Structure formats: structure tokens, C-alpha cells
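Student: Give me the fold of what follows.
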Amino acid sequence: MTSQRVLNGRYELGELLGRGGMADVYKGIDTVLGRTVAVKLLRADLARDPQFHARFKREAQAVAALNHSSIVAIYDTGEYTVSGGPGEDVRVPYIVMEYVSGRTVRDLIRAKELDIDQAIEFILGVLAALEYSHKAGIVHRDIKPANVMVTGESNDVKVMDFGIARAMADSAATMTQTQAVVGTAQYLSPEQALGETVDARSDLYSAACLLFEMLTSRPPFTGDSPVSVAYQHVREIPEPASTFNPAVSEALDSVLAKGLQKNRADRFQDAAAFRRALRAAKNGVAVPALAGTPTDVQDVVPSTQQIPEGGLVRGLTGAEFLDSTLIGGSGNGQAADQDILAFQAGEPEPEADHDGALPLGFAPERERTARQKSRRRAWTAVVVILVLLVLAGGGFWVYSTVNQKPAPPPLIAVPAVAGMSEATALQTLYGANLSPESNHIADDKVPKGTVISSDPGAGSQVAPKSQVVLNVSNGPVSATVPAGLSGLTEAAARDLLRQAGLVGGSSTLANSATVPAGSVISTKPASGAVVGVGSTVDLVVSTGKVSVPQLVGLSEADAEALLKANGLAIAVTEQENSQVTPGKVTSQGDAFNSLVEQGKTISVIVAKAPAPPPSPAPTPTPSPSDTKGGGLGGLGG
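Tutor: The predicted structure follows:
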């Protein structure tokens, strides 16, 4: 096998990752896409068998239809030729799968590295995968620790090996065909052991066995041989998990008790119900016990003489089954198992041989006398009469019991749970011996996760274990853009939007005369608008700047009013100007449309009328006296 290093010129084989009952798994490289893959190869010695070919093809078809994060993905399938001698080439099929780096749950259980919380989280992942596959119509039929992988870093769960999976429409196929792989004894559901129709609830039984082993480090049933373990699944009730691990709560014990019911109608009916019960058990809410739960194995299943002919009894009476199935293994203890099965199948008791001697070697009785024979006949008659009387009395009692109508069970008033959280309401209804079911609906007034009402309503009288539907709010469908965002910082505004069920969108910068830098000016849509929950609201954020208006040509009073409206101050300087009307602004210190800080003082120059020119001093007119005196003086001079 290892000599084939490259399959079909694409998949280069590397190290051997593991060996199974019918296939080997190698780590490989997809040389076309350059990714690491896992390649599953059918063993060459089994490749000649068409049944194994069919199983291999079924596995690829089953998983290829499933696309789930908890299910190992199938990338490709194909065949390659292996030489089996002259003229005996064998076509060996292979499956190319997602490569998962991690450890199996079996390894974690053996290393005792699982605590209760991890066990619950892992089984929730397995149930998520089963819920998806069951909705797709695929039953896995071999859920066990070795088929569940946990990734190394994120602890994600991966369910693998759908090799014996079947579509639900085909799940009635018999399990006792020669060399048919039917599962593993420790995780086998009772209906699988009995050869009955297998459905999704069979996987849930195996998942419950897996959870039991993760919690206790041992499966629910153990025995000396696979056949004895299979019979325990059919006929015995397992010990509570808390018996082996005291840390397991009573609520978890109740979940396991329901998951491991022999009658599949008493188990969880789907993986979603199993998951809900596990989550409730984490909060201490137990699953209500079934009414009339059997306490004796004779109450669990019919006697083994009633086991169907196509079930475990017929399938396990041959060495071929024990040697070729996962239940059988090596076939050790085969003779003992066959003896048990022959008894369980109701083989006839040994009879006397032709000469009257019993096969165990007892000597025949001596010939009785006539008196002894007469006495024997008399006793026989007495016994017959007594038996008839007992049968008559018993028949009368049965008739009276059957025809007597049983008293109706007392009714239960549905508790008032409106206004409670969903978890509290579930616990209240479970405690009232009712079966709650959550129904999530939108509501504009009731907070998300709070119970709106119940159906039947509070106070209604119902029978025990009746279903009560909880209408739980998913929150409002619409939301109102909060008021008061203007003036808040951008971070504070986004927080208020988130609390209102909205998303803060893009931010746009804008100038504002009053809103500080970094604070919200307005929103789009505006405050008070009604929008859908989760809608995006864009923010307009202030730059802290103001655009300077045009002041030139305005009067001083108008310029001051305009600047004040823009949050700015004015500083006036008057300057004589004969060309401009006095009181008008002739220039401004900061240019029109320039950006300035809020509250800045803008300098302006305002025209004023020039001062009038000074008038010349008048020339004095000489008086007559002054003239006369001067003449005389001249004369005198």
C-alpha cells in the first residue's frame, strides 16, 4: 500500500494516521490545491469484495451531502489500481477528507483529561452534527469515542467515519448479513442489537453512551464478550453515572436516564431536545422521570423467546459474524456465547429417547400398582379442579380490573411565568411536572429573553406532563433613533445606539459654531426616526471650526450680529474713509470662508467720515484811529 506514493497524480501520501477494521488512513498533500488532507484507503485484501466497495461508496455519498462545521468534510473520491498478480489487478477505492489535527475523545478519556463541563460541551457538538445529519436523512449508526475528534487549539468537535451510515429510508436493512459492520458493542442501541429498524433515536442512544463514558471514564455496560455487552443493552438498566463519579449532578443523571431508555419512544425524540435538556441540566434543571419507569429487567423488554428471528440471536449464532464484525473481534468465547444464544432462542428442552430414558441418564421409574395409579388420578383431578377455580377467579379479577375505569390523574394549574427569564420559567414548569417548550417571537415591548405568555395560560388546569408552550420575546422588530445624541462624544453616541439595538455607521465631519470638536452634531436618520432593529445610523461630528462669513459692506451692527450668530466676537477699528459710507465695514482680519476656532475674535475696519479741513484765520481791518495815529507818527518820524 505504501508503495503507491501518489494517487491519480494528485494526492501524495505521507505518514500513516491510523488503521481501522477495513481501511487505512494516511496524511496526504493535495498537490493541485496545496492543502493537507486525510486519505482513507480500503484495504487491498478487502477491495475484491463488492460489499466493502458498496460501504465505501455509501460513506462518501453520505458525508458529501453534509456540510457542517462539526462533521469531517469529504473533498474527493476515486480509485487506483493495485497489482494482485498476473491478470488480477484490484481497483482500490479511496476517499479524500478534511485533515483534522487533534485527539479523539477516546484518547482524552484514557488520559482522564475531561471534566464535566468539557464533556457536556463536546457532546453538544456531537449532537449538533447529528441534528444536521438527521435533518439530511442520514443516520450515523456508529457514534463512539474513537469517531469523535477534538481539534487541538479551539476544542471544536468533529464527527467522522460515516462508514456504516444509512439513509433513514434504508435504515431498516438487516444487521445480520455476512460480514456487515453494525457498530461497536459498548455503544449499540437495543434496536440495533434486536435487528429492528434503526432511526435517529438510535444515534441519540449511542450519544448518551458516549456522554456516560466521558463523565465516568467507562461505558454504561461492560462484559467479558461483545455478545454479553450487547445483551446488557437489551435487558439491563445501567447504574447512574453518579455512582462512578460523585461530581455528576442529579440533573445530568436524569438526562442520561432518558437518553439510555430501552424503548426509543421514551428517549429524546431528536438531537435538539437532547441539547435543550443538557443545557437545562447545566443550570440544575432535571428531566422529569418517566411515569411507570421499569425497575426490573423483565419489564424492560420481552423475554428472549420473543426476540425477532432477524435480530441479534440469529445474527450471532455463527462464528462468521463474530469474526467479521466490529462486535465480534477475534471470536474469543464463541462457544459460550452460542450456548447462551441457543437458550435465549428458545431451543426445545431435551426429550426422552425412544426407549423412555432421559438423556441425562436417569433410570426409568418402577411400575406403579393399581392403588397407586388410582390415588394419582384422584390427586390429578383435585389439582385440575383447583387450577380451574384459580383460573376462573383470575379471569373475573382481570375482567373487573379491565372494565373498571381508572381515576383520572389530578390536574395541575399552569404557573404564572410571564415576565420571568426563559431559564427561570423552564425550571418553574419542570418543577410543576409539566413539559415546557420555548417559542421565540418578536415583541416591541417585552425585553429579549423574557417570557411574554404561556399556552395554556396561567391558571389553566392541565394533566401532568402536559406540554406548555412558552412565548419568549426575541426583542423588538423596530427601534427608534435615540434623542439627545447631539453634543455627545462620538463614543458615547455609538454606545447609546448599540443599547437601542442599532449600529453606529460612518462618521462625517462638519463645522459647527456651538458643538465642540469631536462631538455629534446630528444623525442620519435623525433622532426620533423609527427604523428596523440592527439598522445603521450615520453620525455627523463637529470639527470645532467655524467658517468666517462675508463682513465687508455690512454695517458695524450687522457684522457684529452675524459674527455672534456664528459664535464669533468682533473687534472694531475705525478708519477715515471719504469713499465709503461711514459705519460700513471696509475690511476684515480673517478672510471670507476661512476656518477659525470657535469663539475667535474677528478684527474689522469700519469707515468713518473724515474730519472737515480747518478754516483760515480772518485778516483784521484797521480802525480809523489806528490809521490816523500812524500818519502822525510818520510825520513825526
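
Student: from here on, contacts and neighbour counts on C-alpha atoms
Tutor: Will do.

Student: now stretch 23-40: mean pLDDT?
Tutor: The pLDDT scores in stretch 23-40 average 90.

Student: For that stretch, what is the distance to the chain centroid?
Tutor: Put simply, stretch 23-40 sits 29 Å off its chain's centre (CA atoms, centre = their mean, to the nearest Å).

Student: So the closest residue to residue 482 other than its chain neighbours versus residue 124, what's the distance?
Tutor: Nearest residue to residue 482, sequence neighbours excluded (CA to CA, 6 or more residues apart in numbering): residue 527, at 5.5 Å. Distance of residue 527 to residue 124, computed by CA to CA, to the nearest Å: 44 Å.

Student: With neighbour numbers in mind, choose between the two.
Tutor: Counting neighbours by other CA atoms under 10 Å for residue 527 and for residue 124 shows that residue 124 has the greater number, 22 against 16.

Student: three-state assignment of that one?
Tutor: helix (DSSP: H, G, I helix; E, B strand; the rest coil).

Student: In contact with it, which residues?
Tutor: For residue 124, the contacting residues are 275, 278, by CA atoms under 8 Å, 6 or more residues apart in numbering.

Student: 10 Å - rerun?
Tutor: Shown in contact with residue 124 (CA atoms under 10 Å, 6 or more residues apart in numbering): 118, 130, 157, 207, 211, 271-272, 274-276, 278-279.

Student: Is there a quick ChimeraX command that grabs whichever of the residues you listed are buried?
Tutor: Buried members of the contacts of residue 124, defined by 16 or more other CA atoms under 10 Å, are picked up in ChimeraX with:
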select :130,157,207,211,271,272,274,275,278,279
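
Student: out of the contacts of residue 124, who's nearest residue 460?
Tutor: Taking CA to CA as the measure, residue 276 is the one of the contacts of residue 124 closest to residue 460, at 25.1 Å.

Student: could you pull out the helices for the stretch 151-300 of the chain?
Tutor: 190-193, 200-216, 226-235, 241-244, 250-259, 271-282, 297-300 (DSSP state H, counting those that start in this stretch).

Student: chain center to the fifth one: distance?
Tutor: Looking back up the chat, that one is helix 250-259. Here helix 250-259 is found 20 Å from its chain centre; the criterion is CA atoms, centre = their mean.

Student: Would you mind getting the angle between it and helix 200-216?
Tutor: 150 degrees (axes from the mean of the first three to the mean of the last three CA atoms, to 10 degrees).

Student: I figured residue 582 hits residue 575, correct?
Tutor: Yes: using CA atoms under 10 Å, residue 582 is in contact with residue 575, at 9.2 Å.

Student: higher neighbour count, the two?
Tutor: More crowded of residue 582 and residue 575, by other CA under 10 Å: residue 582, with 19 against 16.

Student: wait, which of the contacts of residue 124 is closest to residue 230?
Tutor: residue 207 (16.0 Å).

Student: re the thing from before, and residue 436, which of the helices of the stretch 151-300 of the chain is closest to it?
Tutor: Proximity to residue 436 (CA to CA) singles out helix 271-282 among the helices of the stretch 151-300 of the chain, at 10.8 Å.

Student: wait, doesn't residue 557 sit right on residue 584?
Tutor: Yes: between residue 557 and residue 584 there is a contact under CA under 10 Å: 9.1 Å.

Student: the more surrounded of those two?
Tutor: More crowded of residue 557 and residue 584, by other CA under 10 Å: residue 584, with 23 against 11.

Student: Could you verify my assumption that that one touches residue 608?
Tutor: Yes: assessed by CA under 10 Å, residue 584 is found in contact with residue 608 at 8.1 Å.

Student: Need the residues touching each of the two.
Tutor: Common neighbours of residue 584 and residue 608, using CA under 10 Å, 6+ apart, are 574, 577.

Student: What segments of the stretch 51-200 of the chain are strands?
Tutor: 74-82, 90-98, 102-104, 138-139, 148-151, 157-159, 166-167 (DSSP state E, counting those that start in this stretch).

Student: which ones are touching residue 38?
Tutor: 11, 13-14, 16-17, 25-30, 74-75, 95-100.

Student: A strand includes it, no?
Tutor: Yes: counting by three-state DSSP, residue 38 is found in a strand.

Student: Which strand residues bridge it?
Tutor: residue 27, residue 97 (DSSP bridges).

Student: Okay, helices next: where are they in the stretch 401-550 of the chain?
Tutor: Remark: helices assigned in the stretch 401-550 of the chain by DSSP H, counting those that start in this stretch are 422-431, 490-499.

Student: Of the ones you listed, flag the one that's most buried.
Tutor: Per residue and on average, the most neighbours among the helices of the stretch 401-550 of the chain fall to helix 422-431, with a mean of 19 (mean count of other CA atoms under 10 Å).

Student: contacts for that one?
Tutor: Residues from elsewhere that reach helix 422-431 (CA under 10 Å, 6+ apart): 279-280, 283-288, 414-420, 432, 434-438, 440, 448-452, 454, 465, 467-468, 470-473.

Student: Residue 568 contacts residue 595, correct?
Tutor: No: when contacts are counted by CA under 10 Å, residue 568 is not listed as touching residue 595 (11.6 Å).

Student: Neighbour count: these two, which is higher?
Tutor: residue 568 (21 against 15).

Student: Next up, the contacts around the more buried one.
Tutor: 513, 546-548, 560-562, 596-602.

Student: The residues you listed in helices, which ones?
Tutor: Taking DSSP state H, the ones among these that sit in helices are 560-562.

Student: quick one on the thing from earlier: which residues are common contacts for residue 568 and residue 595?
Tutor: Joint contacts of residue 568 and residue 595 (CA under 10 Å, 6+ apart) are 546-548.

Student: on that earlier part again, make CSV out of the strands of the stretch 51-200 of the chain and add mean pLDDT and distance to residue 589.
Tutor: Output for the strands of the stretch 51-200 of the chain, formatted as CSV (pLDDT from 0 to 100; distance: least, CA to CA, whole Å):
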stretch, mean pLDDT, distance to residue 589
strand 74-82, 85, 75
strand 90-98, 87, 73
strand 102-104, 89, 74
strand 138-139, 86, 83
strand 148-151, 90, 71
strand 157-159, 91, 72
strand 166-167, 54, 86
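
Student: which one of those strands lies closest to residue 538?
Tutor: Closest of these to residue 538 is strand 157-159, at 40.5 Å (criterion: CA to CA).

Student: and that closest one, what other elements does it pack with?
Tutor: strand 102-104, helix 116-135, strand 148-151 (3 or more CA pairs under 10 Å, 6 or more residues apart in numbering; DSSP states H and E).

Student: Pick the most buried one from the ones you listed.
Tutor: Buried most deeply of the helices and strands packed on strand 157-159, by mean count of other CA under 10 Å, is strand 148-151, with a mean of 22.

Student: so what's residue 18 up against?
Tutor: Applying CA under 10 Å, 6+ apart to residue 18 gives the contacts 24-27, 40.

Student: at 7 Å instead, please
Tutor: 24-25 (CA atoms under 7 Å, 6 or more residues apart in numbering).

Student: Got phi/psi on it?
Tutor: As for residue 18, its main-chain torsions (degrees, to the nearest 10) stand at phi 180, psi 160.

Student: any idea how far it is from residue 29?
Tutor: 17 Å.

Student: what's the answer for residue 81, then?
Tutor: Taking CA to CA, one finds residue 81 at 20 Å from residue 29.

Student: Neighbour count: these two, which is higher?
Tutor: Under the criterion of other CA under 10 Å, the comparison of residue 81 against residue 29 puts residue 29 first, with 20 against 14.
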